[in-house]
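# One predicted model, sequence on top.
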There are 4 protein chains.
Amino acid sequence: MSLARAERKLTSRGHERRQELLRVAIDKFAEQGYHPTSVADIVGEVGVGKGVFYWYFTSKEDLLREILKDALLELRRHQQAAICDEPNPLRRIELGVRATLDWLAEHPEVQRLVDFARTEDTFADELRRGREISTEDAVRHLTEAMGQGLIKQGDARTMAIAIRGITDEISRTATDTDSPPPVEAVIRMTVHGLTGGAS
Amino acid sequence: MSLARAERKLTSRGHERRQELLRVAIDKFAEQGYHPTSVADIVGEVGVGKGVFYWYFTSKEDLLREILKDALLELRRHQQAAICDEPNPLRRIELGVRATLDWLAEHPEVQRLVDFARTEDTFADELRRGREISTEDAVRHLTEAMGQGLIKQGDARTMAIAIRGITDEISRTATDTDSPPPVEAVIRMTVHGLTGGAS
Amino acid sequence: MSLARAERKLTSRGHERRQELLRVAIDKFAEQGYHPTSVADIVGEVGVGKGVFYWYFTSKEDLLREILKDALLELRRHQQAAICDEPNPLRRIELGVRATLDWLAEHPEVQRLVDFARTEDTFADELRRGREISTEDAVRHLTEAMGQGLIKQGDARTMAIAIRGITDEISRTATDTDSPPPVEAVIRMTVHGLTGGAS
Amino acid sequence: MSLARAERKLTSRGHERRQELLRVAIDKFAEQGYHPTSVADIVGEVGVGKGVFYWYFTSKEDLLREILKDALLELRRHQQAAICDEPNPLRRIELGVRATLDWLAEHPEVQRLVDFARTEDTFADELRRGREISTEDAVRHLTEAMGQGLIKQGDARTMAIAIRGITDEISRTATDTDSPPPVEAVIRMTVHGLTGGAS
DNA sequence: AATGAATGAGACTTCATTCAT
DNA sequence: TATGAATGAAGTCTCATTCAT
């Protein structure tokens, strides 16, 4: 019986084709949006027949899901690699934020796709789990930091979500204005206080 | 030549029809996404023919643009009304954040639409201008607060964007989990410091 | 909410269009086969856009099902009308066979469609029920005839099936050779004995 | 130029492969229908690449034609073997009918394929010739039987077709209901009179 | 002999939009 | 104003067939 597309063993040429399709799809999706981009657009750009697309992917939907899965996995890896085994929890947050801004600056297309995916139920679930995990990670660091008296006591979960809100929005704006994200300012705000109210 | 739809004078019954179409469209768009929702879906739910739709709106695209324009205008009004003539700039930020969390909690559909619109060039421009304005508003308050020594000197623009990032992401999460946004925690973080680092 | 296609109320023009589509589809299906006939072929012949097809039918499959349902209903009506209230059960069989040969000769396309439908599970069920009913009808007449000593005792069900086998195959051959079915010979065989063995 | 596939000399392993493809194809065709079964389905089930298929068969169409040719040849052989050199023509009919019911009961898939093939012009011709021959055979026996006064004078050709109609329909029904065909009842009807009308 | 990647026409179907009634 | 029939381009996807390896 034929293998599911995902499990199919690919020749090295096949692997390259697949990557090429992914790359082009990411670009087009980010540029025009998921729905406005047709499979014909994608294969047209790569210069292959439509069948090729369906040789490597089950459907257009499957393709986006694949893209999202890969991207979030990579981002996570990037973050983990940055944090490594830093003992200071507050510094871990900092390194995580830096890594995120960094990676998103290098993959501006991805954020658009994630943002889109979040607006359509079919894809939203795919993301929720990943977001949960990243939130929990941050909560862990923040809780530890509170325990060590490095930051004031507070609602760690809300803080974690806020931090993601900041990094994401800063990244979006940086991409929109085609300028590098103000990393240091963000770090100052997230780690040393958003406004540093005089209180 | 016929008038542009928007400018056409409507009977009060016509006005109601239009509002009903808008309402249904917002719900469906938020629920299933813009593209997956067809014009037939919308008019079907309202119980009118397709002609009606094209009497009130130039196109499906026009409809979403209209929705976005209206929504952002309303949000802005809500914010302005809250801030009113509060003299303390930091307090103005606070009131603005409160008003935003408030309004988004009552209009969870809108945020999805805005988030989607941001991912497709056709709509993105519509939003950029509004975002610019709201950023500038916040920058003004923050700059004034710095001038008065209420908050530490810093990059006001980045702060403004960060605050929007927080309110938006907190709102999204609140909607996702169907729970009220942790308003006080957010206020504390935005106004009195995100982590309030011990430094 | 929009009505299911089947229940949609049609204008008289709409009703005609639908009939035209049915007619052309029956012809094409019978001529080239169901699968080799594309929806494009059908609407092309009628001279309308593809959307029209899907305005009147849910799918190509639905269309064939509809055709089968209508055809079998009509055939049954024709048979019933012929038998009417004939008291002699053997004569009822005769009238039924005559009516069947008659109707199939006038609707040679239908038999091909039914024959095809029988070979594909999706449609086979649609037919089985109808066949059951017609078999039971014949069994009733035959049993009554046996009771009255009009025919020898025997397996009524097998007889009924055999009679259908004869009428169908005779009809097919008549259609194939483009000649009228040998009605009298068939009647003689079915009613007075297939070979009339000398036994 | 390469030899026609059919004439190519095959190694014994090659012969087996071919048979396996035929066997699987017959099963799938009978199960799902000819068109709904893809070449990929067939080779997938056998566990070979697509190239293999096209090594042994010119096309999918060719495959079905081959199947039909083989099947009808085998059925004919089975019938001939049964009739052998029976001198009584009426008994020859009986033996032929028995052999046919027998063989169709053992090869229920084949009948579906033949039935399907009859509904599509591409294959119909392939079958017509075979049907002609078998009709002529039966006509010969029947005419002889009439000459010997074993059966009443009548339209031998119509009788022959009727007999085929009976055996086929009985076989189909037996397959459908997964029960053995009522051989004796059929013999009685075909040889000694369908209803044995009292006339 | 065999594989599996590639092809590309064409299948079915949807849908924004128009327009006669 | 309103309807619903009609349009037809475009969308996703399938599949018989070919061919480089």
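Happy to help now that I have it. Residues are numbered from 1 along each chain as shown, chains lettered A, B, ... in the order given.
# what helix or strand is the residue sitting nearest the centre point of chain A on?
Centroid check for chain A by C-alpha atoms, centre = their mean gives residue A:72 as the closest residue, at 4.4 Å. Element membership of residue A:72 [criterion: DSSP states H and E] is helix A:60-83.
# circling back to that earlier point, quick check on the residue nearest to the residue nearest to the centre of chain A when sequence neighbours are not counted: phi, psi?
Nearest residue to residue A:72, sequence neighbours excluded (C-beta to C-beta, 6 or more residues apart in numbering or on different chains): residue A:130, at 4.6 Å. From N, CA and C alone the C-beta is placed, and that goes for glycine too. Main-chain dihedrals, residue A:130, degrees, to the nearest 10: phi -60, psi -40.
# So which residues make contact with stretch A:135-144?
By C-beta atoms under 8 Å, 6 or more residues apart in numbering or on different chains, the residues outside stretch A:135-144 that reach it are A:89-90, A:92-93, A:96, A:151, A:156-157, A:159-161, A:163-164, B:195.
# can you rerun that using 6 Å?
The contact list for stretch A:135-144 (C-beta atoms under 6 Å, 6 or more residues apart in numbering or on different chains) reads A:89, A:92, A:93, A:156, A:157, A:159, A:160.
# and the second one, how far is that from residue A:157?
The spacing between residue A:92 and residue A:157, counted by C-beta to C-beta, to the nearest Å, is 17 Å.
# out of these two, which sits in the more crowded spot?
residue A:92 (23 against 17; other C-beta atoms under 10 Å in any protein chain shown).
# list the contacts for that one?
Applying C-beta under 6 Å, 6+ apart, the residues near residue A:92 are A:83, A:86, A:141.
# just residue A:104 next, same as before
Contacts of residue A:104 by C-beta under 6 Å, 6+ apart are A:111, A:171.
# hmm, back to that, pull the residues that contact the helix holding residue A:72.
Residues contacting helix A:60-83 (C-beta under 6 Å, 6+ apart): A:25-26, A:39, A:57, A:92, A:95-96, A:99, A:103, A:110, A:117, A:126, A:130.
# Let me have the residues you listed in a markdown table, adding secondary structure as columns.
Shown next, in a markdown table, are the contacts of helix A:60-83 (DSSP: H, G, I helix; E, B strand; the rest coil):
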| residue | secondary structure |
| --- | --- |
| A:25 | helix |
| A:26 | helix |
| A:39 | helix |
| A:57 | coil |
| A:92 | helix |
| A:95 | helix |
| A:96 | helix |
| A:99 | helix |
| A:103 | helix |
| A:110 | helix |
| A:117 | helix |
| A:126 | helix |
| A:130 | helix |
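# thinking again about what came up before, which one of the contacts of stretch A:135-144 sits closest to residue B:134?
Relative to residue B:134, the closest of the contacts of stretch A:135-144 is residue A:159; by C-beta to C-beta it sits at 23.4 Å.
# got the buried residues for the helix or strand harbouring that closest one?
For residue A:159, the enclosing helix or strand under DSSP H and E is helix A:156-176. For helix A:156-176, burial by neighbour count (16 or more other C-beta atoms under 10 Å in any protein chain shown) applies to A:156-175.
# Out of those residues, which are close to chain B?
Residues of these in contact with chain B (C-beta under 6 Å from any C-beta of the partner chain): A:158, A:161, A:162, A:164, A:165, A:166, A:169, A:170, A:173.
# tell me which element whichever residue of chain A sits closest to DNA strand E falls in.
Residue of chain A nearest DNA strand E, by C-beta to the nearest atom of the strand: residue A:51 (1.9 Å). Per DSSP H and E: residue A:51 is located in helix A:50-56.
# what helices or strands is that helix leaning on?
helix A:39-46 (3 or more C-beta pairs under 6 Å, 6 or more residues apart in numbering or on different chains; DSSP states H and E).
# Which pLDDT value belongs to the residue nearest to the centre of chain A?
Here, the pLDDT recorded for residue A:72 equals 95.
# same thing with residue A:12?
Note on residue A:12: pLDDT of 76.
# count of residues packed around it?
7.
# Show me where chain A dips below the pLDDT cut-off.
Regions of chain A meeting the criterion pLDDT under 70 cover residues A:1-9, A:194-199.
# Can you give me the domain assignment for it?
A:10-57, A:64-199 (automatic domain parsing).
# Quick check: which of those domains is nearest to DNA strand F?
Closest approach to DNA strand F among those (C-beta to the nearest atom of the strand): domain A:10-57, 3.1 Å.
# gap between the residue nearest to residue A:181 when sequence neighbours are not counted and residue A:168?
Closest residue to residue A:181 apart from its sequence neighbours, by C-beta to C-beta, 6+ apart: residue A:174 at 4.0 Å. Distance, residue A:174 to residue A:168, by C-beta to C-beta: 11 Å.
# picking up where we left off before, the helix holding residue A:72 near DNA strand F at all?
Yes. Counting by C-beta under 7 Å from any atom of the strand, DNA strand F is contacted by helix A:60-83 at A:60, A:61.
# buried residues in that helix?
Applying 16+ other C-beta under 10 Å to helix A:60-83 flags A:60, A:63-68, A:71-72, A:75-76, A:78-79, A:82-83 as buried.
# quick one, it and helix A:39-46 angle?
Interaxial angle, helix A:60-83 versus helix A:39-46 (axes from the mean of the first three to the mean of the last three C-alpha atoms, to 10 degrees): 60 degrees.
# Would you mind listing what in chain A touches DNA strand E?
A:8-11, A:13-14, A:17, A:47-52, A:54-56.
# Does residue A:180 belong to a helix, a strand or coil?
Under three-state DSSP, residue A:180 falls in the coil class.
# I meant to write residue A:37 there.
coil.
# distance of it from chain C?
Distance of residue A:37 to chain C, computed by C-beta to the nearest C-beta, to the nearest Å: 23 Å.
# Name the nearest residue to that residue, ignoring sequence neighbours.
residue A:28 (4.4 Å).
# Please report the distance of the one you found from residue A:64.
11 Å.
# Same check on residue A:142?
For residue A:142 relative to residue A:64 (C-beta to C-beta), the value is 32 Å.
# for residue A:148, same thing?
For residue A:148, the distance to residue A:64 equals 42 Å [C-beta to C-beta].
# re the thing from before, now the helix holding residue A:159 - C-alpha only, CSV.
Provided in CSV are the C-alpha atoms of helix A:156-176 (Å, rounded to 0.1, in the frame of the first residue of the first chain):
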residue,chain,number,x,y,z
ALA,A,156,3.5,35.2,36.3
ARG,A,157,1.1,33.9,33.7
THR,A,158,-0.1,37.4,32.7
MET,A,159,3.5,38.5,32.6
ALA,A,160,4.5,35.7,30.3
ILE,A,161,1.6,36.5,27.9
ALA,A,162,2.6,40.2,28.1
ILE,A,163,6.1,39.4,27.2
ARG,A,164,5.0,37.4,24.2
GLY,A,165,2.7,40.3,23.2
ILE,A,166,5.6,42.7,23.3
THR,A,167,8.1,40.6,21.4
ASP,A,168,5.5,39.8,18.7
GLU,A,169,4.2,43.3,18.3
ILE,A,170,7.7,44.8,18.3
SER,A,171,8.7,42.2,15.7
ARG,A,172,5.7,42.9,13.5
THR,A,173,6.3,46.6,13.6
ALA,A,174,10.0,46.1,12.8
THR,A,175,9.1,44.0,9.8
ASP,A,176,6.5,46.5,8.7
